[in-house]
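Chemist: just need the structure, nothing else, for what follows:
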Amino acid sequence: MTVIEPQALLLLPRLRVQNANAISSPLTWGFPAVTAFTGFVHALHRQLAQEFDIVLDGVGIVCHHLEAQVSQPAGKRTKVFNLTRNPVGKDGSTLAIVEEGRVHLDISLIIGVAGKLGRYDEDERQIIARRAGELVAGMRIAGGSVLPSLARGPRDQVSLLTWPGTADDERRFSRKLALRLLPGFALVSREALLQQHLDALRERDPGLSALDALLDLSRLNIEPPSIWQKKGAGQDTENADLVASSPADNDWQVRRSPGWLVPIPVGYAAISPLYGPGEVRNARDREIPFRFVETLFSMGQWLSPHRLDDIRQLLWFHQADESAGLYRCTTPFSAVSTLYA
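Modeler: Purely as a prediction, here's the structure:
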């Protein structure tokens with residue numbers, strides 16, 4: 001699938017989302033999955049495209065506040081979701097329910113816009129922005145309801161911002177837009193870091209998998225520093241004697257993480273052939289092909305937007321490779337560098 005380079009960015013600032021889905025995958029909970037936001041953009045595109053000749057593709061996600069709907073029972077060390085009380089059965093017993101995790105969010109979304117924008121002048125583009133804001137107010141994001149914004153300042157209004165054409169203007173544009181998103185943290189992909197960590201782990205144990213690397217980066221690792229050091233520092237001798245370091249160096253410490261890293265679901269991988277329309281009984285839509293899938297996991301990082309030179313590095317896109325059975329979200333504009341370290 002070809003990624004459409006955005007000609008403009010639609011900024012949806014300071015959205016208040018109530019009771020969004022907090023269970024993002026079979027293994028993670030907290031912030032909604034990236035696919036929830038790319039799906040929201042697709043739904044918004046289908047409505048806006050009926051009125052304007054534009055295409056919405058790609059979304060940057062910035063979180064300003066998160067309030068998970070959880071509580072800690074008395075005497076317990078773990079937290080539980082605040083669940084709704086469903087009606088009891090005929091015999092007065094509690095009916096079985098599917099656990100639903102919820103979270104309240106304050107977020108800003110940056111959406112890539114392409115199409116025939118040249119036919120619209122500045123006033124018409126602001127009409128598009130206002131219409132997008134009206135549509136968003138009646139939609140759901142990750143299953144949560146969009147509430148009216150409490151902010152009333154000019155910087156908190158929905159805006160359609162044209163992408164500049166020169167490198168210097170692009171940097172100034174990205175810087176100005178990033179400042180509008182503060183305070184907040186943007187979710188970026190760290191797939192390259194996950195691969196680097198896997199390569200480093202396999203130098204010690206070739207049998208380790210990508211899941212081992214993901215868990216090693218995600219958990220809290222409390223480790224001792226090296227308690228051995230070579231005699232005669234600087235000597236190039238393979239059989240140098242080893243001595244214990246000083247007791248002060250033997251304190252166990254938390255391994256420093258290269259940023260605010262989090263495991264995230266980024267899409268789905270096929271676990272079955274692609275069946276034709278109507279071949280699978282009880283499928284939701286019997287007019288399109290169907291296949292069984294499982295969740296794909298990767299590594300993400302919460303990063304302050306002002307650290308990016310190009311704000312397009314935040315944009316997540318749907319990408320599908322039917323031959324490989326991969327349906328995932330990627331950040332094609334993200335540069336592989338030490339920027340996020």
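
Chemist: buried ones in stretch 58-69?
Modeler: Neighbour-count burial for stretch 58-69 flags 58-64, 68-69 (criterion: 16 or more other C-beta atoms under 10 Å). Quick note: C-beta positions are derived from backbone N, CA and C, even for glycine.

Chemist: those into JSON lines, with extra columns for distance to His306 and pLDDT?
Modeler: Shown next, in JSON lines, are the buried residues of stretch 58-69 (distance: C-beta to C-beta, whole Å; pLDDT from 0 to 100):
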{"residue": "Gly58", "distance to His306": "20", "pLDDT": "91"}
{"residue": "Val59", "distance to His306": "19", "pLDDT": "94"}
{"residue": "Gly60", "distance to His306": "13", "pLDDT": "94"}
{"residue": "Ile61", "distance to His306": "16", "pLDDT": "95"}
{"residue": "Val62", "distance to His306": "11", "pLDDT": "95"}
{"residue": "Cys63", "distance to His306": "15", "pLDDT": "95"}
{"residue": "His64", "distance to His306": "14", "pLDDT": "94"}
{"residue": "Ala68", "distance to His306": "26", "pLDDT": "90"}
{"residue": "Gln69", "distance to His306": "30", "pLDDT": "90"}
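
Chemist: out of those, which comes closest to Arg190?
Modeler: The shortest approach to Arg190 among the buried residues of stretch 58-69 belongs to Ile61, at 14.4 Å (C-beta to C-beta).

Chemist: report pLDDT for the residue lying closest to that closest one once chain neighbours are set aside.
Modeler: Once flanking residues are discounted, Ile61 sits nearest to Leu187: 4.7 Å by C-beta to C-beta, 6 or more residues apart in numbering. Each residue has a pLDDT score; the one for Leu187 is 94.

Chemist: then the one 5 residues further on?
Modeler: Ala192 is assigned a predicted lDDT (pLDDT) of 88.

Chemist: element containing it, please.
Modeler: Here Ala192, judged by DSSP states H and E, is contained in helix 191-204.

Chemist: enumerate the positions of that helix that are buried.
Modeler: 191, 193-194, 197-198, 201.

Chemist: does anything pack onto it? Which helices or strands?
Modeler: Packed against helix 191-204 by the contact rule (3 or more C-beta pairs under 8 Å, 6 or more residues apart in numbering; DSSP states H and E) you find helix 210-218, strand 293-303.

Chemist: lowest average pLDDT across those?
Modeler: The minimum mean pLDDT among the helices and strands packed on helix 191-204 belongs to helix 210-218 (a mean of 89).

Chemist: tell me the angle of that one relative to helix 191-204?
Modeler: Taking axes from the mean of the first three to the mean of the last three C-alpha atoms, to 10 degrees, helix 210-218 and helix 191-204 form an angle of 110 degrees between their directions.

Chemist: packing partners of the helix or strand just after helix 210-218?
Modeler: Following helix 210-218 in sequence order, the next helix or strand is strand 222-223 (DSSP H and E). If you count contacts as 3+ C-beta pairs under 8 Å, 6+ apart, strand 222-223 packs onto strand 253-254.

Chemist: in the stretch 1-150 of the chain, what residue spans correspond to helices?
Modeler: Applying DSSP state H, counting those that start in this stretch to the stretch 1-150 of the chain gives helices spanning 34-48, 122-137.

Chemist: returning to what we had before: got the buried residues of stretch 58-69 as CSV, with distance to Arg46 columns?
Modeler: Output for the buried residues of stretch 58-69, formatted as CSV (distance: C-beta to C-beta, whole Å):
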residue, distance to Arg46
Gly58, 15
Val59, 15
Gly60, 20
Ile61, 20
Val62, 24
Cys63, 25
His64, 27
Ala68, 31
Gln69, 30
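
Chemist: count of neighbours near the nearest residue to Arg312 once chain neighbours are set aside?
Modeler: Spatial nearest neighbour of Arg312, chain neighbours left out: Phe333 (4.3 Å); criterion: C-beta to C-beta, 6+ apart. Neighbours of Phe333 under the rule other C-beta atoms under 10 Å: 19.
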